[in-house]
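Student: Quick one, structure for this:
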Amino acid sequence: MARDKKNKPKKKRWWSYLADAYRVSKNTYPWTLWALLGALVLGILVGVLGGLATRLWWVWIPLGIFMGVTFALLVLTQLVRRASYAQIDGMPGAAAAVLGQIKRGWVIEQEPVRFNARSQDMLFRAIGRPGIVLISEGPTERVNKLITDEKKAIKRAAPSVPITVIKVGNAEGQTPLIKLERHLKKLPKVISHQEVAAVTARMKAVKTNALPIPKGIDPFNARPDRRAMRGR
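Tutor: Coordinates of the predicted model:
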């Protein structure tokens, strides 16, 4: 029993997660420390100004420190999120990694619905209240055929459901990976929750994969660190 307790891995503390988050951010943004210090100083400055204005130093100084720490944590959370996406940007399956972070309101296919084995271009499908959303990875001129084929399959199964296409990438007319989640959330809601369930059932009954994913290509290996993205 004593040996089991000795070999049991120690539980990571909250500061360990903060350190991990800081390292993730610093690898991409070397100026992370200065950004955090700036946020901390800003909060303390607000406290000092509040103390000068009201003379209630015993209230404003602790409040300023609290605001400074809060601002720094918010900045770190955003930097880690952007750094995590920057590290997988351009990798096969990067869009799937972002889609995997979206839990509420969407039914997202775990595998690409269309895949080009030669170029590794992928097409993912998400179903939600905005209708059916197709998310492509790859140059526009190459993914257009995947999109056209999938649209034809959708029209046969659910002809009245609106289809939106989001092309992920950094070229003109594409949506950067970091903005994909925000783009999805901004889409107008045009169908009900009951219709979402019905459309999902229809699409699950129709297998539209153009090509199987060859062995050795696992787009879901490219997942950002969820703990680090939460700044924990």
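
Student: what about the residue sitting nearest the centre point of the chain, helix or strand, and which?
Tutor: The residue lying closest to the centre of the chain (C-alpha atoms, centre = their mean) is Val98, at 3.5 Å. Assigned by DSSP states H and E, Val98 belongs to helix 94-99.

Student: any idea how far Gly64 is from the residue in the chain sticking out farthest from the centre?
Tutor: What lies farthest from the middle of the chain is Arg55; by C-alpha atoms, centre = their mean that is 44.5 Å. Relative to Gly64, Arg55 is positioned 14 Å away (C-beta to C-beta, to the nearest Å). For glycine as for every other residue, the C-beta is placed from the backbone atoms N, C-alpha and C.

Student: and Ala35, how far is that from Val80?
Tutor: 12 Å.

Student: neighbour count winner among those two?
Tutor: Taking other C-beta atoms under 10 Å, Ala35 and Val80 do not tie; Val80 has more neighbours (28 against 16).

Student: State the mean pLDDT of stretch 64-78.
Tutor: Per-residue pLDDT values over stretch 64-78 give a mean of 92.

Student: Can we start the residue count at 114 from this point?
Tutor: Okay, residue one is now 114; in that scheme the one you just asked about reads as stretch 177-191.

Student: any idea how far it is from the chain center?
Tutor: Relative to the chain's own centre, stretch 177-191 is displaced by 21 Å; criterion: C-alpha atoms, centre = their mean, to the nearest Å.

Student: Check which residues of it are buried.
Tutor: Gly177, Met180, Gly181, Phe184, Ala185, Leu186, Val188, Leu189, Thr190 (16 or more other C-beta atoms under 10 Å).

Student: ok, now which ones touch Gly163?
Tutor: By C-beta atoms under 8 Å, 6 or more residues apart in numbering, the contact list for Gly163 reads Leu169, Val172, Trp173, Leu176, Gly177.

Student: helices and strands around the longest helix seen in the chain, which ones?
Tutor: Identified as the longest helix of the chain according to DSSP state H is helix 170-201. Applying 3 or more C-beta pairs under 8 Å, 6 or more residues apart in numbering; DSSP states H and E, we find helix 170-201 packed against helix 127-141, helix 145-167, helix 207-212, helix 339-342.

Student: Now mean pLDDT and distance to Arg242 too, for those helices, in CSV please.
Tutor: Compiled in CSV, these are given as follows (pLDDT from 0 to 100; distance: least, C-beta to C-beta, whole Å):
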stretch, mean pLDDT, distance to Arg242
helix 127-141, 80, 33
helix 145-167, 92, 36
helix 207-212, 86, 16
helix 339-342, 49, 25
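
Student: and among these, the most buried is which?
Tutor: When the helices and strands packed on helix 170-201 are scored by mean count of other C-beta atoms under 10 Å, the highest mean neighbour count falls to helix 207-212 (a mean of 24).

Student: Against which helices or strands is that helix packed?
Tutor: Looks like helix 207-212 contacts helix 170-201, strand 235-241, strand 244-250, helix 293-299 (3+ C-beta pairs under 8 Å, 6+ apart).

Student: go again using 10 Å as the cut-off
Tutor: Under the contact criterion of 3 or more C-beta pairs under 10 Å, 6 or more residues apart in numbering; DSSP states H and E, helix 207-212 touches helix 170-201, strand 219-221, strand 235-241, strand 244-250, strand 276-281, helix 293-299.

Student: okay, and the helix or strand of this protein with the least pLDDT?
Tutor: Scoring the helices and strands of the chain by mean pLDDT, DSSP states H and E places helix 339-342 at the bottom, with a mean of 49.
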